[in-house]
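Colleague: Give me coordinates for this.
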Amino acid sequence: MVSKEKRHSNDHWVLTGKIVSGAREAVFFTQLDWVQEQCKTKLGFKPYPGTLNLEINKEKWSVVEALKDEEGITLIPPDPKFCVGRALPLTVGGIRGALIIPSEDVNIHGKNVLEVMAPVRLKDALGVEDGDSVALDVKRPMSSKRKK
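Modeller: Alright, predicted model coming up:
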């Protein structure tokens, strides 16, 4: 049986999560010049300073793992002291954004927390706060393939 969180489609997933507070470290990352430039070029928007953090229920972790296995859109740092990041385009409440998939060695959240960046502060744009639930419609980029 297919989870109601995962649609019968190879090009996107729908996943619901509860908004939680983050460590506020994404403000730095999203404001780096190279991140701003590559997001504009590759994702079509410059990110708002920070991310929206969503806690995903344990029973949906298999969907989260499937998302993390996607190649996505690569954000390549010009400086080797930064790690390569990946992003998967999405919409949340009709707003275009991206799911950020940090490399495991810099991921400060547990595997059940996803980070979403967008061109606006999503809490304000959606009228939500910590504890509220939101649904993500995560898209598979045309060039993305599942890792084996």
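
Colleague: burial measure for Gly131, as a count.
Modeller: Per other CB atoms under 10 Å, the neighbour tally for Gly131 reads 10. Quick note: C-beta positions are derived from backbone N, CA and C, even for glycine.

Colleague: Just want the phi and psi numbers for it.
Modeller: Backbone torsions of Gly131, given as degrees, to the nearest 10, read phi 100, psi -20.

Colleague: Can you tell me how far it is from Lys58?
Modeller: When distance is defined by CB to CB, to the nearest Å, Gly131 is 18 Å away from Lys58.

Colleague: cool, and Ala66?
Modeller: 15 Å.

Colleague: and the longest helix for this structure?
Modeller: Ranked by residue count, the top helix of the chain under DSSP state H comes out as helix 33-43.

Colleague: residues making contact with the helix or strand that it is followed by?
Modeller: Moving toward the C-terminus from helix 33-43, the first helix or strand encountered (DSSP states H and E) is strand 52-55. If you take CB atoms under 8 Å, 6 or more residues apart in numbering as the criterion, strand 52-55 is touched by 17-22, 92, 109, 112-118, 122-123, 134, 136.
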